[in-house]
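Give me the fold of what follows.
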Amino acid sequence: MTAGGAPLPEKSGRRPLGGATSIAIGILMSRAAGVVRDMLRAAYFGATGSIVGDAWTMAIRIPNLLQNLLGEGVLSASFIPVYSRLIAEGNEEEAGRVAGAVAAILAVVMAALVAVGVFFAPAIVHLIASTYTGEKYELTVQLTRILFPGAALFVFAAWCIGVLNSHRRFLLPYMAPVFWNLTMIAAFVWFGPRLDLVPLARAVAWASVVGAALQFVVQVPAVLVLAKHLRVRLDYRRDAVRRVLRNFGPVALSRGVVQISQFVDLWIANLLPTGSPTLLMTAQTVNMLPISLFGMAIAASELPEMSSVAGTDDERAVLLRERIAAAARRMAYFVIPSAVAFIVLGDVIIRVLYERGKWTPLDTTYAWGVLAGSAFGLLAGTIGRLYSAAFYAMHDTRVPLNFAVLRVALTVVLGYVAAVPLTNALGIDRHWGTAGLTLTAGIAGWVEFVLLRRALRRRVGDVSVPRAFLLRIWAVAAVAGVLAYTVKLGVGGMLGTPPVLGRWMSAIVAVAVLGSYALVYLGGTVAMRIPEATALTSRILRR
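You can find the predicted model right below:
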């Protein structure tokens, strides 16, 4: 669709929102399972005062570095543009050979990296979490060694996503993580009442590896059906494979500096009181829901479409500009109310999800602050993913890399200042330094967003979301937030203060508050005749 809601020219060749809707459904199901998994993690491991919680947080992030460096985002940006173009040209035999060569190369690389990760786990943990000592350090090393093989399986699952997305198969690959989450949920449910915390953490880590294998295996049959000419061989001499590898380097570097930034955030959080890394991860888990549903879903579905656009340079620019502008509007419509909800109603969200077992009301308050800080950069981060995907579709990986390096440098410097010296100077509880990390990351995200938009404008024209549209969305979201906050005070006043409500009463408050917020926002945007709201209500009524 165009920015005004009109259909794109027929050259774009797909029904609007078809791929994005499928991805969003898959992500929603996997994220819902992930929330249940995270609720159990919070209930058993807690946050502040829990060495097991911090050990788990750090251990699962270390092998996650490989998953993000070589996984979905990198493979999508480097592999899909080449593979999709071959499919669009009808050269399926060459496409199958390219896919097989990439799989073989990944197998060799991942085998070596997993071996290094398992062997050098003590040194890696000491480098990343230098403040960990004694039992906390030993447990982190043990969990890291268990979890590392799972990273390789996640990368192969991401390779499946690249193949399936290129063939416009979106639902299965984004539902596959449900199997990973369900395996860990089963481990918590079965072993939680039977084991102490440290053995429980080990059992859940092994369950993570089993779940990663399931996530890969369930996608393989569909890949074999679609990639009929798949040949898994170390054939790096083919021109198309070389293009993938050339794209892979800058994209991996771009993801690499982002991962370094996240590890620096964890390192800074480890300078703060015990539980700060867990608070950071919990808030990021909630923050990732709108990013995944409305950022990753739309950007991932648009990447193969933008990669397949043909024609002259001017024709490609027009089609790309219209696709990007329409996708950015859809993102803004959903992400802006998410950001307002995190700021105004974050305590309601955290409480209903996590406040049970070892997770305390004080943990909820801290996590709300961290979540509210992350809301500042939510819109920039989601639309920035789309802008980066547009450059990848044009086989330009260096522009996103340059801006990612700048963003990471800003994140590290500003994050340290806000988390450590500033909290010390203000004399406030040092747990609040974690909120400073997410807030300053948002500032850096806006800098990257502005630079990406400016560079993209020079390539294809103006892709900005109209200012009048954004102002109306922010206004409706703000009004909905004020009314929902009033409902929160009223319902909380009738039932008692939320921390003593119990699980079911907290759920009642959450349904009343968040439900009223969503209804007011949807009703307000429909009344203002915003096309995205009209399209959403039409789909809901049809179904």
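
Only C-alpha atoms from now on, for both contacts and neighbour counts.
Fine.

Surely I291 touches G377?
No: between I291 and G377 there is no contact under Cα atoms under 8 Å: 10.7 Å.

what sits in contact with each of the two?
Among the neighbours of I291, none is also in contact with G377 (Cα atoms under 8 Å, 6 or more residues apart in numbering).

residue boundaries of the helices in the stretch 351-500 of the chain?
Per DSSP state H, counting those that start in this stretch, the stretch 351-500 of the chain carries helices over the ranges 361-375, 378-393, 398-419, 421-426, 433-460, 467-495.

Tabulate those helices (JSON lines), appending mean pLDDT.
Below are the helices of the stretch 351-500 of the chain laid out as JSON lines (pLDDT from 0 to 100):
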{"stretch": "helix 361-375", "mean pLDDT": "92"}
{"stretch": "helix 378-393", "mean pLDDT": "88"}
{"stretch": "helix 398-419", "mean pLDDT": "88"}
{"stretch": "helix 421-426", "mean pLDDT": "90"}
{"stretch": "helix 433-460", "mean pLDDT": "92"}
{"stretch": "helix 467-495", "mean pLDDT": "88"}
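
what's the closest of those to S30?
helix 378-393 (18.9 Å; Cα to Cα).

Quick check: can you list the domain ranges of this protein?
According to automatic domain parsing, the chain comprises the domains 10-465, 466-543.

Tell me which of the ones you listed is the most buried.
Highest mean neighbour count among those (mean count of other Cα atoms under 10 Å): domain 10-465, with a mean of 21.

Any idea how far that domain is from the middle of the chain?
A distance of 4 Å separates the C-alpha centroid of domain 10-465 from that of its chain, computed with Cα atoms, centre = their mean, to the nearest Å.

and the helix or strand of the chain with the lowest mean pLDDT, what other elements does it pack with?
Of all helical and strand segments in the chain, the minimum by mean pLDDT, DSSP states H and E falls on helix 297-308, at a mean of 72. Helix 297-308 sits against helix 18-45, helix 72-88, helix 134-166, helix 313-354, helix 378-393, with contacts defined as 3 or more Cα pairs under 8 Å, 6 or more residues apart in numbering; DSSP states H and E.

per-stretch mean pLDDT over those helices, give me the minimum one.
Note on the helices and strands packed on helix 297-308: lowest mean pLDDT is at helix 72-88, with a mean of 76.

Now do that helix: everything it contacts.
68, 92, 94-95, 98-99, 155, 158-159, 161-163, 165-167, 240, 243-245, 247-248, 251-252, 255, 300, 303-304, 307-308, 389, 392-393, 395.

change it to 6 Å
95, 158, 162, 166, 244, 247-248, 251-252, 307-308, 392-393 (Cα atoms under 6 Å, 6 or more residues apart in numbering).

quick check, nearest of those to G53?
Using Cα to Cα, the contacts of helix 72-88 come closest to G53 at A158, 27.5 Å.

ok, back up a step: of all the helices of the stretch 351-500 of the chain, which lies closest to L171?
helix 378-393 (19.5 Å).

could you give the angle of the closest one to helix 297-308?
Going by axes from the mean of the first three to the mean of the last three Cα atoms, to 10 degrees, helix 378-393 is angled at 20 degrees with respect to helix 297-308.

export the helices of the stretch 351-500 of the chain to JSON lines and tack on distance to S506?
Output for those, formatted as JSON lines (distance: least, Cα to Cα, whole Å):
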{"stretch": "helix 361-375", "distance to S506": "12"}
{"stretch": "helix 378-393", "distance to S506": "26"}
{"stretch": "helix 398-419", "distance to S506": "31"}
{"stretch": "helix 421-426", "distance to S506": "31"}
{"stretch": "helix 433-460", "distance to S506": "24"}
{"stretch": "helix 467-495", "distance to S506": "9"}
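
Nearest to A326, out of these?
helix 378-393 (10.9 Å).

Would you mind pulling up the elements that that closest one packs against?
Contacts defined by 3 or more Cα pairs under 6 Å, 6 or more residues apart in numbering; DSSP states H and E place helix 378-393 against helix 297-308, helix 433-460.

Would you tell me which of the ones you listed gets closest to I51?
Here helix 433-460 is closest among these (Cα to Cα), at 17.1 Å.

which strands and helices sit next to that closest one?
helix 361-375, helix 378-393, helix 398-419.

angle of it against helix 398-419?
Using the same axes, to 10 degrees: helix 433-460 against helix 398-419 is 160 degrees.

Nearest to Y236, out of the helices of the stretch 351-500 of the chain?
Here helix 378-393 is closest among those (Cα to Cα), at 20.8 Å.

Nice, that's everything, thank you.
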